[in-house]
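K.L.:
Build me a structure from this.
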Amino acid sequence: MNRWGVLLLAACAFGAAACDDDNGSPAAPSNAPLVFVADLRAANEVPAITNAESGGTGTATITLTPTRDASNAITGGTFDFSFTVTGLTPTSNIILAHIHTGAAGSNGGVVVDSQLSAATSIPTPAGSAGFSRTGLVPASAATAAAIVANPAGFYFNVHTTLNPGGVVRGQLRAQ
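P.N.:
Just a heads-up that it's a prediction; the model follows:
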């Protein structure tokens, strides 16, 4: 055998040894956080916003820290929300924020709530506001798994007193 053949045989043997997994145990479940973002726009609302808050824009970051079983299937977890909204009026109040199911251009039900409410509303004296909430439990393990599988099938929506049906929204996308 020539020296190239010997080198090739040695490389194959080394590669096979390096890929050998003798312990037979499956990989540990990954509970690493998963990050989703959304570009929030008043024009994304259905119907689009046309009143004094029509200039509303913002960004949202949603972090899911999943729990998984031995087969790595999502069994639950927590959601953390962080968002900013600008272009509102100095008298606007943000009253709700949550994840809805639904593709762009369609409305859907709430699946993960930020627990923001009219009682804990956020005033926007400068026409903008930010919000952060951590440690929220998702509606269900199935919802968390569905968001991971198809983030674009969900949107983040922020609501105000002037626009209780939603003032800005954006489809989720994995970061």
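K.L.:
Can you show me the strands along the chain?
P.N.:
Using DSSP state E, the strands of the chain run over 34-41, 57-68, 74-86, 93-101, 110-113, 122-123, 129-136, 154-160, 168-171, 173-174.
K.L.:
okay if I get those strands as TSV plus distance to A146?
P.N.:
For the C-beta atoms, the positions are set from N, CA and C on the backbone; glycine is no exception. TSV is the format used below for the strands of the chain (distance: least, CB to CB, whole Å):
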stretch	distance to A146
strand 34-41	12
strand 57-68	11
strand 74-86	9
strand 93-101	8
strand 110-113	8
strand 122-123	28
strand 129-136	16
strand 154-160	8
strand 168-171	14
strand 173-174	13
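K.L.:
Can you say which of these is nearest to T143?
P.N.:
Nearest to T143, of all those, is strand 110-113, at 4.8 Å by CB to CB.
K.L.:
Return the residues in contact with the closest residue to A145 other than its chain neighbours.
P.N.:
In space, not counting the residues next to it along the chain, A145 is nearest to I74; the distance is 4.4 Å by CB to CB, 6 or more residues apart in numbering. Counting by CB atoms under 8 Å, 6 or more residues apart in numbering, I74 makes contact with P66, T67, R68, A141, A144, A145, V148.
K.L.:
I74 pairs with what?
P.N.:
I74 has these beta-bridge partners by DSSP bridges: R68.
K.L.:
And it, how far from Q175?
P.N.:
17 Å (CB to CB, to the nearest Å).
K.L.:
Equivalent analysis for L34, please.
P.N.:
When L34 is compared with Q175 (using CB to CB), they lie 8 Å apart.
K.L.:
between those two, who's got more neighbours?
P.N.:
Between L34 and Q175, counting by other CB atoms under 10 Å, L34 is the more crowded of the two (19 against 11).
K.L.:
surely the more buried one meets R68?
P.N.:
No. Using CB atoms under 8 Å, L34 makes no contact with R68, being 11.2 Å away.
K.L.:
How about the contacts made by the most centrally placed residue in the chain?
P.N.:
Per CA atoms, centre = their mean, the C-alpha nearest to the average position across the chain is that of F36, at 3.2 Å. Shown here is F36, whose contacts under the criterion CB under 8 Å, 6+ apart are T61, I62, T63, L64, I147, P151, L172, R173, A174, Q175.
K.L.:
In ChimeraX, how would I select just the buried ones from these?
P.N.:
For the buried members of the contacts of F36, the matching ChimeraX selection, counting by 16 or more other CB atoms under 10 Å, is:
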select :61,62,63,64,147,151,172
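K.L.:
wait, which of the contacts of F36 is closest to S117?
P.N.:
I62 (18.6 Å).
K.L.:
shaky segments in this protein?
P.N.:
1-29, 139 (pLDDT under 70).
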